[in-house]
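Visitor: what follows is a predicted protein model with its sequence.
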Amino acid sequence: MTALDFHGVYPAMCTPFHDDDERSIDFETLQRDAQRLEAAGVDGLVPAGSTGESATMTHGEHVKVVESVINAVDDVPVIAGTGSNNTREALSLSQRAADAGADALLLISPYYNKPEQQGLVDHYEAIADSVDCPQIVYNVPSRTGQNIEADTAVELASHPNVRAYKAASGDMNQISEIVERTRDEEFAVLSGDDGMTLPMLSVGAAGCISVSANIEPERTCAMVGAGLAGDFERARAIHHELGDLFRALFVETNPIPVKEAMRIRGYGPANLRSPLTRLSKKHVDGLREVLATLEADDVANTYAEVER
């Protein structure tokens, strides 16, 4: 396992699929992508999450994806997506990922069945009590149908295995409150919404689990590094450079646009598992223009000296 302090940039990795009937996993491309991101300077990797199409993978595939990424990298932590709306399944998958060598776990809150706040506490505590591995509570109510309220997040932060909170609610008041009320805990708040990363850093967030970092890892690391160093003028400038990309990657359901961007950049195929479909033609040209504009700059030289 690799040391992990939950500060910095953690790309939410795509899972590449072959262009066959089963959309089988392309492990060779997955490992190559993990190595590309590590070389770009990210602080960790997050396979088998929402961006990795975890909802369409079997538990066996989850574990193989996590193992493949762990085996591909040298010195960055790997955070495995292991959430479920079934506590027993989430616990089983979390233990399997931890046994496979994952450095931490990312646990989306139970979706569709919409548990009450006490149910959320019971769910996360059951996993944290049973699996001795750092865990991130993931709040994305637009996908799950239920918000993890500030009181709930603060209560969970007192558990020694609950080490971070991925915020993708869009509610800055709630996010700021959670930061304020957990400052005395060994607990990090991470942005789960690329367009909100800079505002969240300004109120004390520790970094991000990012979709855009798959495409622009150097710029994303530079923005977050500047924000963590207190250089918000520089961070703001990079945020605006990336603004069109942030928006383009969410014109349709994630990970549809980012997988198309991966294809355009030559990082991996755009193949998705059903029921997800390829990016609409009306959006492809706009995405290509955004990527071309970013690619025109010498990113390696511009951002090589960022201290984080």
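Guide: Sure, I can see it.
Visitor: which residues of the protein fall in helices?
Guide: 27-40, 59-72, 87-100, 117-130, 141-144, 150-157, 172-181, 197-202, 217-228, 232-248, 256-265, 281-295, 299-303 (DSSP state H).
Visitor: the first one versus helix 217-228: what angle between them?
Guide: The one in question is helix 27-40. Taking axes from the mean of the first three to the mean of the last three Cα atoms, to 10 degrees, one finds helix 27-40 and helix 217-228 inclined to each other by 40 degrees.
Visitor: what's the answer for the second one, then?
Guide: Interaxial angle of helix 59-72 relative to helix 217-228 (the same axes, to 10 degrees): 80 degrees.
Visitor: what helices or strands is helix 59-72 leaning on?
Guide: Under the contact definition 3 or more Cβ pairs under 8 Å, 6 or more residues apart in numbering; DSSP states H and E, helix 59-72 sits against helix 27-40, strand 79-81, helix 87-100. Backbone N, C-alpha and C define where each C-beta goes, glycine included.
Visitor: and the angle from it to helix 87-100?
Guide: Using the same axes, to 10 degrees, helix 59-72 lies at 30 degrees relative to helix 87-100.
Visitor: which parts of helix 59-72 are buried?
Guide: 61-70, 72 (16 or more other Cβ atoms under 10 Å).
Visitor: let's have the residues you listed in JSON lines, adding pLDDT and distance to residue 186.
Guide: Shown next, in JSON lines, are those (pLDDT from 0 to 100; distance: Cβ to Cβ, whole Å):
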{"residue": "61", "pLDDT": "97", "distance to residue 186": "32"}
{"residue": "62", "pLDDT": "95", "distance to residue 186": "27"}
{"residue": "63", "pLDDT": "97", "distance to residue 186": "28"}
{"residue": "64", "pLDDT": "98", "distance to residue 186": "31"}
{"residue": "65", "pLDDT": "98", "distance to residue 186": "28"}
{"residue": "66", "pLDDT": "98", "distance to residue 186": "24"}
{"residue": "67", "pLDDT": "98", "distance to residue 186": "28"}
{"residue": "68", "pLDDT": "98", "distance to residue 186": "30"}
{"residue": "69", "pLDDT": "98", "distance to residue 186": "25"}
{"residue": "70", "pLDDT": "98", "distance to residue 186": "24"}
{"residue": "72", "pLDDT": "98", "distance to residue 186": "29"}
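Visitor: between those residues, which sits nearest residue 274?
Guide: Distances from residue 274 to the buried residues of helix 59-72, taken as Cβ to Cβ, are shortest for residue 61 (15.1 Å).
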